[in-house]
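Enquirer: this one's structure only:
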């Protein structure tokens, strides 16, 4: 379904894979500070931090999948079907509709600490954005350069988890993933040593057995283990180029290839497959949002600071979805 | 170490990951038909099919890592340490040095059938290209649009294997990989059915469990299974863009991320890591060679048919190794 | 640590492996109906169902590890360190010390339904049996021939889980094991079919690949999967001999062999290992308790109905721990 | 299918599981020194070492599944379908029928070194014992207390492999198993250390994770890994009781439970399952053959030295196949 990750070199990076079988018309969208959000139960958000991220914009309302604010606080909503539980409004709580959560939290908080304080008293409501756009079942990863948390609201209420590995996938709940990851703690990127049969001389046939035992399938539990292994062992230079290259490699380690995750079949036998629609990487210090799409591996970028952040309307950039190939020897006939 | 793969839509595609801890100065190199190869034991190859591929060129001699000829026959050499065994020249055999094999075979053969006939009587010799460039231990995957084979020469002699899955990695020998893959034959891209405990209602928490059980580590045996699963289940459109996008996803499924495959440590504790230096994809019907590098995810391309294929010297294109980012909102100050 | 299981043929069977690095002086112990239990907070249990099971008996008080009552209701306590949470007594609850739970529940309830009713209002207290015998952190599997449940009391309070597979191990909590098991739902005892690479003819080298993908290590999560697979696929005759033979095979599938689960090392380097101290199987319909020990593979048996069940004191049978070998050709000189 | 193993304490032990879906009428059989073997091509074996082992005896001819001679040399034949290749007799070779191999080799050799010398010039022939008893496709594990080897004859001829782990299963060939085992070399019986994510504090939920990553299914490749792990990590006392107890635990780790390895189905839907028909353990120093059967977990024993080893006819003991239960509290009514 989806995978989110963080990465730190000189700057701090936050991004995600969106894995689905279909796509809305999402765009890279900047929301300036004075875009007014009329909230369903929590009044009006007139002035707030500016945001950049991926959103489906409906009538100038940005429905963010993931976003970063001008302070560097970032969050992503990931699919959480069967577990996410949204409520009716409750007296004495901050009642925030699921689709409002990103602007509400990133609009007001500069850090994870501040976000935690708001989340302590939140109640995510089941209001639909519109009849056509019913609430998606989500949980959220929220990060700044100092810490990462996960917020989940289930039938047992809201829970804030510290996330020591800075990655997230989908079901089950976050505590499961962390326990499950512990099973693989012995998996090492180093050349393996013989601990199985003392005294036997094994012929390690492969140069490098990096992470032997790590699962490679596309279930959310296995993607969590694989992306945690990749992220926690990543080494890169700290230049912008080296950092974002490594970040996209981390996400690439759990990419969903078309055909490999079949959900169902059309009546005519055509398989319906999830695949990685886009991968994103935001430099949260600089406010630059990088992305690739399934069919365009070139990195495109939008810099929020190249926009007027004091505006009142969202600014959106269409995704460049076609493969942008650099032909090194153009035909002479083209001249 | 390395992974090679084929893929077929309207056209036939062949390519590979090169996974190493260091890189020579390889370039995309076209060898025209009249470039003369003076072979160590097998005479002189004056006229031959034109080739395109990745090569380290030394004094106009292309040391190909992988290449495709103008007839669409393709081959890649993959690391095979400890198993590859090269001999002294033998009477009655075609004695070909390991570094000569690519031009010798692709220079003469239009199909795998023709290549097989030559391989039946070959003896790969241990001649060094030069004192500095000793023979690399290799095995080779060779493909046209109709079939794929693997050729290995070990202490037991040369063997030609049919390769029904069209992928290849490194050690051990090819027969091992095929037997090992059979263990995973039950892994499916479909939503899993309960076969473990009849009558129990399981809660499949993840939408799509694509390939549960497939390994995700970087050993050559696990990469073989993962890339075979990805390739054999791949679905894509058959346009050039859709085809090469899917091809790079197939190779991406077994990419080596920097830090995740540590071979050793420098004296100062710096880990020495293998990583995917480049990934290639050749449209073997059109003779267009596409590639990405670790730090440049944009696809670059060289078309052999844009060169004079009747020439006598190699033509090389430097790899574009820096991340080529498409900035969608350039700052106004830049104007 | 431990594994419990149920099995049903004509009769219903319940048993467990006790996996520890040391052993108290446990005995097969029958508690007759009129043995008085003076409970810490819940008054006195004067008359109750008779019990049979494995217990460490201290001053005629049976500290049961697992037991079955004369109605066929059975339960076993399994290690649950770090998760089990016992409280101080609470007004309005049935306050039962952890070591009292087995006689309290099995003494009063004939069925799981009745046990559930009692568990709804229970509060497990942290009273120690004695200064030397502090409470063990446990969770419990409880079964009759119609259903199996698990009861766990953590910091979040008490929880009753339906257990559709009728097996149990240790940490983490039961809901984790059931979710984790779902990952393996595709594992089949049948000869595998090729779903990985359509059209490829694989050579399934092994006759029977029963359960490919099932883990074989000794962690509690893996033992849960392995024993669930073995139990849910078990086939046997329904005679007493066939049934108990199969039951011990089910437990044998997750046995801990000496040396294979090292917990720590003595100062002199001697490893401290968990191993399967005993395995038990109670025919809950007939009240016959069968067991084997690590070093005695012959099944010993105690039948509760061969005792006076109206007595007031426990009756204990020492475990037969020495290997009982049946020598088929005794030397003549021995006559 | 089958698993063989060795174990060494004060004495040396050799044994195996026989896993099949049906059983001949095998018996523990002693062959004395002067039982004459009329070989098909290799003359007559009049006087030879005495043997003990499991055999199907046809007309006083012992068809051994596994055996040990009076010098302690042992061997077991294991199923090797599709790979075993028997030939017509060949000039200049020792032509020995597959069913003759055990008496021919154990009859003449006191050590593995001596057996190796004979195997160097052997040709296993495809002679049938009788029309009803066609040759079984087998490979053999041969051991004395100093070394273990495997002998396989395939289409590529005979091969002798050193076996550093002293265990064996079935297909594919032995070299595959040893390479495959190397993948698991990092699996340890110790409590796992965190090597996956430096700096993260994992909560290892299970006391002891013995061998995390070891497979637990019943394929021959997985059984090889599991039994090698169990054997190579085994710790036991060196008394006869402790040694044979541990030996049967080693074999028990890869036991095939009825229902878990389904080969096919009868017309009425009844599954045909492989299961562990018997497990054996021979003290090769003392010539005592211990065994258990699927439905009799008590160890039975036959001591070759309690027989007249200078005889001319085989001596057989029927297997005790019924569960031998030790009832500790017999009913009074039975007196």
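Expert: Structure's in. What do you need? Predicted model, so just to flag it, every value in this text is computed and none were measured. Numbering: from 1, shown residues only, chains lettered A, B, ... in the order given.
Enquirer: just give me the neighbour total for residue A:241.
Expert: 17 (other Cβ atoms under 10 Å in any protein chain shown). (Each C-beta comes from the backbone N, C-alpha and C, glycine too.)
Enquirer: for residue A:192, same thing?
Expert: Neighbours around residue A:192, by other Cβ under 10 Å: 24.
Enquirer: which residues are in contact with it?
Expert: The neighbours of residue A:192, taking Cβ atoms under 8 Å, 6 or more residues apart in numbering or on different chains as the test, are A:204, A:209, A:212, D:185-186.
Enquirer: now, which of those residues sits nearest chain C?
Expert: residue D:186 (12.3 Å; Cβ to the nearest Cβ).
Enquirer: did I read that right, the closest one in a strand?
Expert: No. Assigned with DSSP: H, G, I helix; E, B strand; the rest coil, residue D:186 falls outside any strand and is coil.
Enquirer: separation between it and residue B:220?
Expert: As judged by Cβ to Cβ, to the nearest Å, residue D:186 and residue B:220 stand 16 Å apart.
Enquirer: hang on, the earlier thing: the contacts of residue A:192: which ones sit near chain B?
Expert: With Cβ under 8 Å from any Cβ of the partner chain as the criterion, these include A:209, A:212 near chain B.
Enquirer: out of the contacts of residue A:192, which is nearest to residue D:68?
Expert: Nearest to residue D:68 out of these is residue D:185 (Cβ to Cβ; 30.8 Å).
Enquirer: quick one, phi psi at residue A:50?
Expert: phi -70, psi 150 (degrees, to the nearest 10).
Enquirer: equivalent analysis for the one 5 residues further on, please.
Expert: Dihedral pair for residue A:55: phi -150, psi 150, per degrees, to the nearest 10.
Enquirer: thinking residue A:27 is in contact with residue A:57, fair?
Expert: Yes. Residue A:27 is within contact range of residue A:57, at 6.3 Å (criterion: Cβ atoms under 8 Å).
Enquirer: any shared contact partners between these two?
Expert: With Cβ under 8 Å, 6+ apart, residue A:27 and residue A:57 have common neighbours residue A:316.
Enquirer: and the closest residue to residue A:128 other than its chain neighbours, backbone torsions?
Expert: Closest residue to residue A:128 apart from its sequence neighbours, by Cβ to Cβ, 6 or more residues apart in numbering or on different chains: residue A:134 at 4.8 Å. Here the main-chain torsion angles of residue A:134 (degrees, to the nearest 10) amount to phi -70, psi 160.
Enquirer: residue A:37 versus residue A:134, what's the distance?
Expert: Look at residue A:134 and residue A:37: by Cβ to Cβ, they are 20 Å apart.
Enquirer: look at the two and report which has more neighbours.
Expert: Counted by other Cβ under 10 Å, residue A:134 and residue A:37 do not tie: residue A:37 has more neighbours, with 17 against 13.
Enquirer: ok, that one touching residue A:100?
Expert: Yes. Under the criterion of Cβ under 8 Å, residue A:37 makes contact with residue A:100 at 7.0 Å.
Enquirer: give me the neighbour count for residue A:59.
Expert: For residue A:59, the count of nearby residues is 6 (other Cβ under 10 Å).
Enquirer: cool, and residue A:36?
Expert: With other Cβ under 10 Å as criterion, residue A:36 counts 12.
Enquirer: could you list every residue that touches it?
Expert: Contacts of residue A:36 by Cβ under 8 Å, 6+ apart are A:44-46, A:312.
Enquirer: which of these count as buried?
Expert: residue A:45 (16 or more other Cβ atoms under 10 Å in any protein chain shown).
Enquirer: of the contacts of residue A:36, which is the nearest to chain C?
Expert: Comparing the contacts of residue A:36 against chain C with Cβ to the nearest Cβ places residue A:45 closest, at 35.0 Å.
Enquirer: the closest one touches residue A:37, doesn't it?
Expert: Yes. Between residue A:45 and residue A:37 there is a contact under Cβ under 8 Å: 4.0 Å.
Enquirer: give the residues shared as contacts by the two.
Expert: By Cβ under 8 Å, 6+ apart, the residues touching both residue A:45 and residue A:37 are A:103-104, A:107.
Enquirer: how close does residue A:267 sit to residue A:98?
Expert: The value you get for residue A:267 to residue A:98, if Cβ to Cβ is used, is 32 Å.
Enquirer: again but with residue A:88, I slipped
Expert: 13 Å.
Enquirer: quick check: neighbours shared by those two?
Expert: A:125-126.
Enquirer: looking at these two, which one has more neighbours?
Expert: Relative neighbour count places residue A:98 above the other of residue A:88 and residue A:98, with 22 against 10, counting by other Cβ under 10 Å.
Enquirer: so for the more buried one, what's the nearest residue that isn't a sequence neighbour?
Expert: Closest to residue A:98 by Cβ to Cβ, 6+ apart is residue A:135, at 4.6 Å.
Enquirer: how about the contacts made by the one you found?
Expert: Here residue A:135 is in contact with A:86, A:97-99, A:126-129 (Cβ under 8 Å, 6+ apart).
Enquirer: and the pLDDT at the residue lying farthest from the centre of chain A?
Expert: Most distant from the centre of chain A: residue A:199, at 46.4 Å, with distances by Cα atoms, centre = their mean. pLDDT for residue A:199: 88.
Enquirer: ok, now residue A:330?
Expert: pLDDT, read off for residue A:330, is 82.
Enquirer: and for it, the neighbour number?
Expert: Neighbours of residue A:330 (other Cβ under 10 Å): 11.
Enquirer: and it, what is it in contact with?
Expert: For residue A:330, the contacting residues are residue B:306, by Cβ under 8 Å, 6+ apart.
Enquirer: can you list the residues of the stretch 101-250 of chain A near chain C?
Expert: Counting by Cβ under 8 Å from any Cβ, the stretch 101-250 of chain A sits next to chain C at A:172, A:176, A:179-180, A:183, A:219, A:221.
Enquirer: of those residues, which belong to helices?
Expert: A:176, A:179-180, A:183, A:221 (DSSP state H).
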